[in-house]
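[1] Would you be able to build a 3D model of this:
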Amino acid sequence: MKWLESEFQPSTLSVSQQLKELNWFQTKAQPFKGMTIRVVSERINTHQYEANILAKAFYDITGIHVIHELTNEDDVIKKFSAQIMTGQRLYDAYISDSDLIGSHFRQQHVISITELINNQAKAYTLPSLDLNDFIGLAFTTGPDGKIYQLPDQQFANLYWYRSDWFANADYQKLFETKYGYPLGVPQNWQAYEDIAQFFTVDINEIDGIKIYGHMDYAKSDPSLGWRISDAWLSMAGVGDKGLPNGLPVDEWGIRVEDCHPVGASVERGGALNSPAAIYAIEKYKEWLIKYAPPEAQQLTFSESGDWAAKGNIAQQIFWYTAFVPDFTKQGLAVMNQDGTPKWRVAPSPVGKYWQKGMKSGYQDTGAWTFLSHTPDSNQIAAWLYAQFVVSKTVSLKKTLVGSTPIRQSDIDSDYMTKKAPFLGGLVEFYRSHARNVWTPTGTNVPDYQGMAGYWWQAISLIIEGKVSVTDGMNALAEQIDSHLLELQEQDLTCGPKVNKKINPSIWLNKSGAPKAMMPNEVKGKTLPFEEAINAW
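    Numbers count the residues shown, from 1 in each chain. Predicted coordinates for the structure are as follows:
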């Protein structure tokens, strides 16, 4: 009752329903009382809340001690890979990105959630877990229909903008006079570019402070790879239609045939060095240099996160909603005195190669992942903790702390309706169809942990001017193809069967991805916020 009254409010459950869940955890944990389990996750607000508050609550209720370690995302992947390679039990469970789904179902190191709840953990699965209530389950399900990971948190990379500046009548008049259409939420990349030009150059200063029409980051660092591999190419329109990921070509530019990856380069039927991919990287680099603060080129993902909160950024095309808690603190330059933000998030604009029916951006789904060699007692104790931190008893409060919703019931709750004006469009996004079109890396990528590092190294060379965009993307495609060829020698489920190289024009002249070069951008298009959301 202490935790119910002091911490686990609000909830979509009644107090009696919450008490029933907590009593279940207390009862089922009896055989494991006194055990210590170790879990690890990346360092974001949601997981800090779990590590600092929920782990203590779980111990008080169950007697199971949890060491919930926080580290950088790339380190989570390194630890996960090390445990697989050595077979040593470093952790009893991981909260790792669902981006690894293509590895999980092929390499069989992970015990699926489906197997857990149907077999060894059947008696320890919360009756009110309600899998159908999780909004990200499609992202953690393999082609075999098994659920490999249980979503713990989700956040999307959306379009962020200063809605107060966009509502300024003088700015609206100036913009429409020069560009020929209204200042609003951009629907395509040309509109984003026009708005970036407008605020950076035409407006230039507000109240004596230099402002910028764009914000990004580009330091040579693993996070630079995620900036691009986290579906930037899909926003440009590189892949094929299909949800949650393009088929047969996905947002990494990898083509699959009958679940077998066959190549990333255009010569093998992929799209990683296609005209659309080159266009995506050219725009990323051009906007960074022309419209972002000069410091952006030397910032990592985490270092760039609070820049827009300083009050001198007009818009940001690639902004993670995990930053919402940090952008809604009282006293910030981007906050009103009544607690409402001066900014909003909306569905991101798309590039000229994008077509309706394609995914439109990236959604990070951090999910509970269990390795098959973990001892049963540790695995079940960790499974109890995983269920606790996603249970309906605590999930709504956790959503409010981290702005990373995982349950439909929480999103639809009356409490979220009341909070919506204070969250800058986050609730509207998650109540729209758009949340299904912003998706993580999919099953076309057969070895995420082994392949992810190629991205930041390749993009670094392009940003530093050491290679051209075309040469850099050709080299990246060749690296991915080489990795696929190496995997082809292993005995993997749905392993690669790499195509022979042929003249790129043969693939470019076929329908779908890889797509032939298109003419210059069409005219910019914008919509008011309400229409931009309603479009989904």
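
[2] from here on, contacts and neighbour counts on C-alpha atoms
    Fine.

[3] what's the distance between Glu521 and Ser348?
    16 Å (Cα to Cα, to the nearest Å).

[4] again, but for Arg227
    Counting by Cα to Cα, the gap from Arg227 to Ser348 is 15 Å.

[5] Compare the two and say which is more crowded by neighbours.
    Shown here are Arg227 and Ser348; by other Cα atoms under 10 Å, Ser348 has more neighbours (26 against 22).

[6] Find the nearest non-adjacent residue to the more buried one, please.
    Tyr159 (4.6 Å; Cα to Cα, 6 or more residues apart in numbering).

[7] Next, that neighbour: secondary structure please.
    strand (DSSP: H, G, I helix; E, B strand; the rest coil).

[8] Burial check on it, number of neighbours?
    21.

[9] Run through the bridge partners of it.
    Under DSSP bridges, the beta-bridge partners of Tyr159 are Ala346.

[10] wait, it sits on Thr321?
    No - taking contacts as Cα atoms under 8 Å, Tyr159 lies outside contact range of Thr321: 9.4 Å.

[11] what's near enough to touch the residue nearest to Ser348?
    315-319, 345-349 (Cα atoms under 8 Å, 6 or more residues apart in numbering).

[12] can you rerun that using 6 Å?
    316-317, 345-348 (Cα atoms under 6 Å, 6 or more residues apart in numbering).

[13] Please report the distance of Ala264 from Ser234.
    From Ala264 to Ser234 the distance is 14 Å (Cα to Cα).

[14] quick one on the thing from earlier: now the contacts of Tyr159 as CSV including distance to Ile113 and pLDDT?
    Output for those, formatted as CSV (distance: Cα to Cα, whole Å; pLDDT from 0 to 100):
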residue, distance to Ile113, pLDDT
Gln316, 37, 98
Ile317, 35, 97
Val345, 33, 96
Ala346, 33, 95
Pro347, 31, 93
Ser348, 32, 94
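
[15] Those: which two are farthest apart?
    Farthest apart among the contacts of Tyr159 by Cα to Cα are Gln316 and Pro347. That separation is 11.6 Å.

[16] These two: which is more packed in?
    When neighbours are counted by other Cα under 10 Å, Gln316 and Pro347 differ, and Pro347 comes out ahead with 28 against 24.

[17] Looking at the contacts of Tyr159, spot the one nearest Phe327.
    Val345 (11.5 Å).

[18] and that closest one, how many residues sit next to it?
    29.

[19] for it, what are its contacts?
    Contacts of Val345 (Cα under 6 Å, 6+ apart): 159-160, 425.

[20] rerun at 7 Å
    With contact set as Cα atoms under 7 Å, 6 or more residues apart in numbering, Val345 has these partners: 158-161, 424-426.

[21] So of these, which two are at opposite extremes in space?
    Tyr161 and Leu426 (12.8 Å).

[22] For the closest residue in space to Met358 that isn't next to it in sequence, give me the pLDDT.
    With Cα to Cα, 6+ apart as the criterion, Met358 has its nearest non-adjacent residue at 4.1 Å, and that residue is Lys241. As predicted, Lys241 sits at a pLDDT of 97.

[23] What helix or strand is Lys241 located in?
    Counting by DSSP states H and E, no helix or strand carries Lys241.

[24] And it, how far from Trp24?
    For Lys241, the distance to Trp24 - Cα to Cα - is 44 Å.

[25] Please identify which of those two sits among more neighbours.
    More neighbours surround Lys241 than the other of Lys241 and Trp24, with 22 against 16 (other Cα under 10 Å).

[26] looking at this, Glu69 is in a strand?
    Yes - under three-state DSSP, Glu69 sits within a strand.

[27] Sounds good, over and out.
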